[in-house]
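Student: Mind folding the following:
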Amino acid sequence: MKLIGSLASPYVRKVRVVFAEKKLDYQFELENVWVAETRINEVNPLGKVPCLIMEDGQAMIDSRVMVEYLDTLTPVCKLLPPNGRDRADIKCWEALADGVTDAGVLMRLERAQRPPEQQSEEWIARQRKKVELGLAEMARKLDESPYCAGIHYSLADVAVGCCLGWLAFRFPEIDWRGAHPNLARLYDKLSERPSFRDTVPQ
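Tutor: Next up is the predicted model:
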């Protein structure tokens with residue numbers, strides 16, 4: 001398998017972490033979707049990374065689809081329960097973490113991709129509110145548990161860890177550590193795992 005992505009993308013990082021946790025081999029190909037010469041549309045019509053090229057040449061898109069598929073390939077480090085409410089709860093964690101990241105990405109794009117006179121402070125504030133409320137909900141749900149889903153490391157932790165790591169990378173002014181010490185403790189613990197150490201955003 002070949003994973004196309006960037007070193008900065010939190011969604012790509014999520015897939016890379018799962019590859020590492022599952023001990024699966026893959027080829028990693030760097031791609032910058034923001035330059036004119038990008039060829040990402042040849043494999044993903046949506047022009048996004050990550051994009052996973054399968055052994056048969058078919059492309060798989062969307063990080064949530066990829067990580068769910070990768071978890072089925074080997075019993076090593078199962079990240080999702082087989083079915084039922086527990087599985088849905090973990091997928092809700094992933095949706096929450098990705099939603100916070102999505103809002104952060106929209107904030108960054110407004111600042112980085114649009115000239116100052118075209119930027120909307122109202123739009124940025126709206127996205128910032130989503131980030132803040134999402135972080136507060138993560139902290140509430142985590143409470144004093146060692147992991148998002150209780151006592152077991154799961155895809156929920158992967159998603160939350162990638163979200164927090166990206167926020168620390170792109171928005172150091174958002175003090176989620178000070179506001180939510182339990183999230184800071186979780187992230188510090190996750191950062192000790194080789195899968196997280198080897199995929200720090202750059």
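
Student: What count of nearby residues applies to residue 130?
Tutor: Residue 130: 16 surrounding residues under other CB atoms under 10 Å. In short, each C-beta sits where N, CA and C put it, glycine included.

Student: looking at this, it is in a helix?
Tutor: Yes. Residue assignment for residue 130, taken from DSSP: H, G, I helix; E, B strand; the rest coil, places it within a helix.

Student: For it, which non-adjacent residue is spatially closest?
Tutor: Spatial nearest neighbour of residue 130, chain neighbours left out: residue 103 (3.8 Å); criterion: CB to CB, 6 or more residues apart in numbering.

Student: which SSE is that neighbour in?
Tutor: Element membership of residue 103, judged by DSSP states H and E, is helix 84-113.

Student: which helices and strands sit right next to that helix?
Tutor: In this structure, helix 84-113 makes packing contacts with helix 10-22, helix 63-70, helix 121-142, helix 155-170, judged by 3 or more CB pairs under 8 Å, 6 or more residues apart in numbering; DSSP states H and E.

Student: mean confidence for the third one?
Tutor: Over the span of helix 121-142, the pLDDT mean works out to 98.

Student: Buried residues in it, which are they?
Tutor: Taking 16 or more other CB atoms under 10 Å as the basis for neighbour counts, the residues of helix 121-142 that come out buried are 127, 128, 130, 131, 134, 135, 138, 139, 141, 142.

Student: Can you tell me which of these is nearest residue 87?
Tutor: Compare each of those with residue 87 using CB to CB and the shortest gap goes to residue 141, at 16.1 Å.

Student: Was I right to think that closest one contacts residue 93?
Tutor: Yes. In terms of CB atoms under 8 Å, residue 141 counts as a neighbour of residue 93; the distance is 7.4 Å.

Student: okay, and the common contacts of these two?
Tutor: Listed as contacting both residue 141 and residue 93 by CB atoms under 8 Å, 6 or more residues apart in numbering are residue 148.

Student: and residue 141, what does it touch?
Tutor: Shown here is residue 141, whose contacts under the criterion CB under 8 Å, 6+ apart are 93, 96, 148.

Student: right, I mislabeled it, should have said residue 120
Tutor: Residue 120 is in contact with residue 110, counting by CB under 8 Å, 6+ apart.

Student: looking at this, residue 60 is in a helix?
Tutor: No. Membership of residue 60 in a helix is not supported by three-state DSSP, which gives strand.

Student: so what's the residue lying farthest from the centre of the chain up against?
Tutor: Going by CA atoms, centre = their mean, the residue of the chain most distant from its centre is residue 117, 30.8 Å out. Neighbour list for residue 117: empty [criterion: CB under 8 Å, 6+ apart].

Student: follow-up on the earlier one: can you point out the buried residues in the helix holding residue 103?
Tutor: When neighbours are counted by 16+ other CB under 10 Å, the buried residues of helix 84-113 are found to be 87, 89-91, 93-94, 96-107, 110.

Student: tell me the domain ranges of this structure?
Tutor: Under the assignment automatic domain parsing, the domains of the chain span 2-70, 84-197.

Student: Save the ones you listed as TSV, and put in distance to residue 78 too.
Tutor: What follows is the domains of the chain, written out as TSV (distance: least, CB to CB, whole Å):
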stretch	distance to residue 78
domain 2-70	9
domain 84-197	8
